[in-house]
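*Asks:* based on what follows, work out the 3D shape:
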Amino acid sequence: MIKEFKEFSTGALLKIANEELLYTYTKSKLIGDYTFIWPRETKMRIEVDGIAIIVEKDNVVVLTPNQYFKFISGSDLIVYQFNREFYCIKDHDKEVSCMGVLFHGTSDLSIVKLDAVEHNKLDQLHKVFLDELDTVDTIQAEMLRMLMARFIITTTRLIKQQSNFSELDDQVDLIRQFNILVDTHFRQEHSVTFYAEKLFKSPKTLSNNFVKLKKSPLQIIHDRVILEAKRLLIYTDKTAKEIAYEIGFEDASHLSRMFKKHTSFSPSEFKKQLKLETTGNY
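*Replies:* Numbering: from 1, shown residues only. Next up, the predicted model:
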């Protein structure tokens, strides 16, 4: 089951579906749109950016357009997928926009856990979604956006409760802004000083705001660089040298050292290991 809403004037697209929508991702590729996947009754097996993940039932996976995704198995899923034109006009709202906590509150994969109460709330909301998709009139687009906003508000509240965001208070917005900046500039800028200046903070003040997060600003920058290097090694035929230049290293050996520190492999060794795993020749 795949239901679609399209808006000709804006190019907006919303898809509401079950696991059928994910059958096009049996080989890893860019997910392309903002996506929520909710396994309601059984475990789901997926791969995100080359990492295999088992998702327990009633855990909602949140994906952003630039992540590589592969669907392995799962049934009785609810999938919401939308493009920037459908919802991201709400970017002015720091909490529930496409620049909000749910998508940029952490550098890790966002997974929202539902209890029985929240399961029932979102189940009822899903029924309203389906009903609204069948109600074609002049306010359908606004109604669907309102329903998506409600879904995002609910899951945002949950992820803030379930992470240590509640302990960070005013720091949450700073961390979110930092993650957005890193995602925007990591190909050119690898120093904490650059991002601190963008946020009108000293590097020391910025680092102090990340103490409770147990990951420093520099670690987050390096994690994003390594993630992109892995993506390019896995999904393209680019050489290690080409990849180094693409993500801001004039000397490929600098990326190689950072990559080996994080993965125990040099980029070329990582590529060889991938080929061995693919061919089965060890």
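*Asks:* how about the helices in the protein?
*Replies:* Using DSSP state H, the helices assigned to the chain run over residues 84-87, 101-104, 116-133, 140-162, 165-168, 171-185, 192-198, 203-208, 217-235, 240-246, 252-263, 267-279.
*Asks:* could you list the low-confidence segments of the stretch 51-200 of the chain?
*Replies:* Regions of the stretch 51-200 of the chain meeting the criterion pLDDT under 70 cover residues 89-102, 104-108, 163-172.
*Asks:* on that earlier part again, of the helices of the chain, which stretch is the most buried?
*Replies:* Here the criterion is mean neighbour count by mean count of other CB atoms under 10 Å, and of the helices of the chain the winner is helix 101-104, at a mean of 24. Where C-beta positions appear, they are placed from N, C-alpha and C, glycine not excepted.
*Asks:* roughly how far does Lys6 sit from Glu197?
*Replies:* 42 Å (CB to CB, to the nearest Å).
*Asks:* next: Asp223.
*Replies:* When distance is defined by CB to CB, Asp223 is 21 Å away from Glu197.
*Asks:* is it true that Gly50 touches Arg231?
*Replies:* Yes - here Gly50 reaches Arg231: they are 7.5 Å apart, a contact under CB atoms under 8 Å.
*Asks:* between the two, which contacts overlap?
*Replies:* Listed contacts common to Gly50 and Arg231 are Tyr68; contacts here mean CB atoms under 8 Å, 6 or more residues apart in numbering.
*Asks:* the closest residue to Val112 other than its chain neighbours: how many residues sit nearby?
*Replies:* Excluding its sequence neighbours, the residue lying closest to Val112 (CB to CB, 6 or more residues apart in numbering) is Val60, at 4.3 Å. Counted with other CB atoms under 10 Å, the burial measure for Val60 works out to 25 neighbours.
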